[in-house]
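[1] no sequence for this one, just the structure:
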């Protein structure tokens, strides 16, 4: 448990840095570009974000699983990854380009479309590498792959958007610069260049894709549930509504960074766990504490929503307050899915999440089509919060069935739960004293 808490603090610090740099970049974009241009940015990025998740083909998860279980060596895994990366990057760029170019209202700008798809191969490369570090339980290296790109992107936003006034082009270039920088570093640090060859082990590639494609499909459906609102708002409503919606949703998603601290560790430890049932009981214990903390934070955010939105983005985004408040309840309940799904995914059972996310996505689409025409962004937010709540509760029961742990045992608090908090506080105290 001490090792777990140490890694928890490490990932937590990484998440704080990501939130700090990512949110500050978003604030700069909101205050300098306004709701309409931010709506254009949200529309441009919706397909790249989906294809970065699906184009990853679940290779990070399958890499973590195969390395964690010792099924393949690191060199064998890297060689297979290099081949998969070349194919997935090419496919994702082409399809994503065509979708933005010919299915969105802003696809007539060739330059912006190109900028939107540029980060795809670099983000995929970074994702594949992160699976290697997770499989080897190198949490610190994994953290750097996540927060360093957000730092680089933030610095570029400051220079190109805030200082040189490059507008939307500067913001998109910043989103490209962060992943590109860390990819170049990883290319040399992980010795990928030495391992690239024409020799191909089709058996390894087949097995990685066999498991990975299920992860990828689950990620695609999951991310589509997050982004379908943007796609439908672009079709049915206007860029202003898309802009205010994107900011309100982005703020609510920061609430997920609380349980997201656990996601990485849960997946990595679940992949290497020797006693699945005992580990699942620990995950349930952590879930209860995280859920309690998330509710507390959500209540504070709900009360301070107006102050937070206006202070960060300006009065032009005041309507985002309603989006933020509407979606918070669903974001809280969705924590059940977020934490518990990582345990099953780490056990090599990513398909279970599809049983919850596919019906949730269908509900989301239907409600969006019904609510957006009359209620615009507010309707999209209501559709999302209902969809998130449905998937969170449904997956709770599915997890109970898969692990043979009753729902009551998963959600009811026990006295021993709070020992983790005590251990965590002691660890933080020791770390602070060592810093002094």
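    Sure thing, it's come through. Small disclaimer: the values here were computed from a predicted structure and weren't measured.

[2] Helices of the stretch 301-436 of the chain, start to end?
    305-313, 320-333, 335-346, 351-403, 407-411, 419-435 (DSSP state H, counting those that start in this stretch).

[3] any chance of the ones you listed in TSV, plus mean pLDDT and mean neighbour count?
    For glycine as for every other residue, the C-beta is placed from the backbone atoms N, C-alpha and C. Shown next, in TSV, are these (pLDDT from 0 to 100; neighbours: other CB atoms under 10 Å):
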stretch	mean pLDDT	mean neighbour count
helix 305-313	93	17
helix 320-333	94	23
helix 335-346	83	25
helix 351-403	93	20
helix 407-411	90	14
helix 419-435	56	12
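
[4] nearest to residue 108, of those?
    helix 351-403 (23.2 Å; CB to CB).

[5] on contacts alone, who are the packing partners of that closest one?
    Secondary-structure packing of helix 351-403 (3 or more CB pairs under 8 Å, 6 or more residues apart in numbering; DSSP states H and E): helix 202-236, helix 239-254, helix 276-303, helix 320-333, helix 335-346, helix 407-411.

[6] Compute the inter-axis angle for that helix and helix 202-236.
    For helix 351-403 against helix 202-236, the angle by axes from the mean of the first three to the mean of the last three CA atoms, to 10 degrees is 110 degrees.

[7] Let the chain start at 19 from now.
    With 19 as the first residue, the last one maps to helix 369-421.

[8] tilt between helix 369-421 and helix 353-364?
    Orientation note: helix 369-421 sits at an angle of 90 degrees relative to helix 353-364 (the same axes, to 10 degrees).

[9] tell me the angle helix 369-421 makes with helix 338-351.
    40 degrees.

[10] low pLDDT regions in the stretch 219-368 of the chain?
    229-230, 276-294, 364, 366 (pLDDT under 70).

[11] try it again with 80
    Applying pLDDT under 80 to the stretch 219-368 of the chain picks out residues 219-223, 225-234, 236-237, 274-297, 360, 363-368.

[12] swap in the stretch 19-168 of the chain?
    Those would be 19-31, 33, 71-97, 148-161, if you go by pLDDT under 80 across the stretch 19-168 of the chain.

[13] hmm, 90 instead?
    Within the stretch 19-168 of the chain, the segments meeting pLDDT under 90 span 19-37, 67-107, 109, 121-127, 142-165.

[14] re the thing from before, of the helices of the stretch 319-454 of the chain, which is nearest residue 30?
    Using CB to CB, the nearest of those to residue 30 is helix 437-453, at 9.6 Å.

[15] Count the neighbours of residue 335 for me.
    24 (other CB atoms under 10 Å).

[16] got the contact list for residue 332?
    Neighbouring residues of residue 332 by CB atoms under 8 Å, 6 or more residues apart in numbering: 48-49.

[17] try residue 189
    43, 47, 51, 59, 175, 178-179.

[18] in which helix or strand would I find it?
    helix 185-207 (DSSP states H and E).

[19] buried residues in that helix?
    Under the neighbour-count criterion of 16 or more other CB atoms under 10 Å, helix 185-207 has 186, 188-201, 204 buried.

[20] what sits against residue 236?
    With CB under 8 Å, 6+ apart, residue 236 has these contacts: 76, 363, 368-369, 371-372, 375.

[21] Tell me the one among these nearest to residue 426.
    residue 371 (22.3 Å).

[22] Isn't that closest one up against residue 360?
    No. Applying CB atoms under 8 Å as the test, residue 371 and residue 360 come out as separate, 9.7 Å apart.

[23] Contacts only, for the nearest residue to residue 422 once chain neighbours are set aside.
    Sequence neighbours aside, residue 295 is the residue nearest to residue 422 in space, at 7.6 Å (criterion: CB to CB, 6 or more residues apart in numbering). Contact analysis of residue 295 by CB under 8 Å, 6+ apart lists 421-423.

[24] now swap in residue 53 and tell me
    Contacts of residue 53 by CB under 8 Å, 6+ apart are 257-258, 261-262, 265, 334-335.

[25] can you check residue 372 too?
    235-236, 239.

[26] residues near residue 52, how many?
    That count, for residue 52 with other CB under 10 Å as the rule, works out to 17.

[27] What mean pLDDT does the helix holding residue 189 get?
    Helix 185-207 carries an average pLDDT of 91.

[28] Excluding chain neighbours, what is closest to residue 176?
    residue 46 (7.0 Å).

[29] wait, isn't the one you found in contact with residue 180?
    Yes. Between residue 46 and residue 180 there is a contact under CB under 8 Å: 5.4 Å.

[30] higher neighbour count, the two?
    More crowded of residue 46 and residue 180, by other CB under 10 Å: residue 46, with 18 against 15.

[31] OK, contacts around that one?
    By CB under 8 Å, 6+ apart, residue 46 lies in contact with 175-176, 179-180.

[32] Kindly report the same for residue 63.
    134, 193 are the contacts of residue 63 under CB under 8 Å, 6+ apart.

[33] Of the contacts of residue 189, which belong to helices?
    In helices, defined here by DSSP state H, the members of the contacts of residue 189 are 43, 47, 51, 59, 175.

[34] Would you mind giving the residues you listed as a markdown table with neighbour count added?
    What follows is these, written out as a markdown table (neighbours: other CB atoms under 10 Å):
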| residue | neighbour count |
| --- | --- |
| 43 | 24 |
| 47 | 23 |
| 51 | 19 |
| 59 | 24 |
| 175 | 27 |
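
[35] Now render those residues as JSON lines, adding distance to residue 110.
    Converted to JSON lines, the ones in helices among the contacts of residue 189 look like this (distance: CB to CB, whole Å):
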{"residue": "43", "distance to residue 110": "23"}
{"residue": "47", "distance to residue 110": "24"}
{"residue": "51", "distance to residue 110": "26"}
{"residue": "59", "distance to residue 110": "19"}
{"residue": "175", "distance to residue 110": "24"}
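
[36] sorry, back to before: chain center to the helix holding residue 189: distance?
    Remark: helix 185-207 is offset 18 Å from the chain centroid, using CA atoms, centre = their mean, to the nearest Å.

[37] nearest to residue 81, of the contacts of residue 53?
    residue 265 (34.3 Å).

[38] Report the contact partners of the residue nearest to that closest one when sequence neighbours are not counted.
    Once flanking residues are discounted, residue 265 sits nearest to residue 338: 4.5 Å by CB to CB, 6+ apart. Applying CB under 8 Å, 6+ apart to residue 338 gives the contacts 262-263, 265-266, 269, 327, 331.
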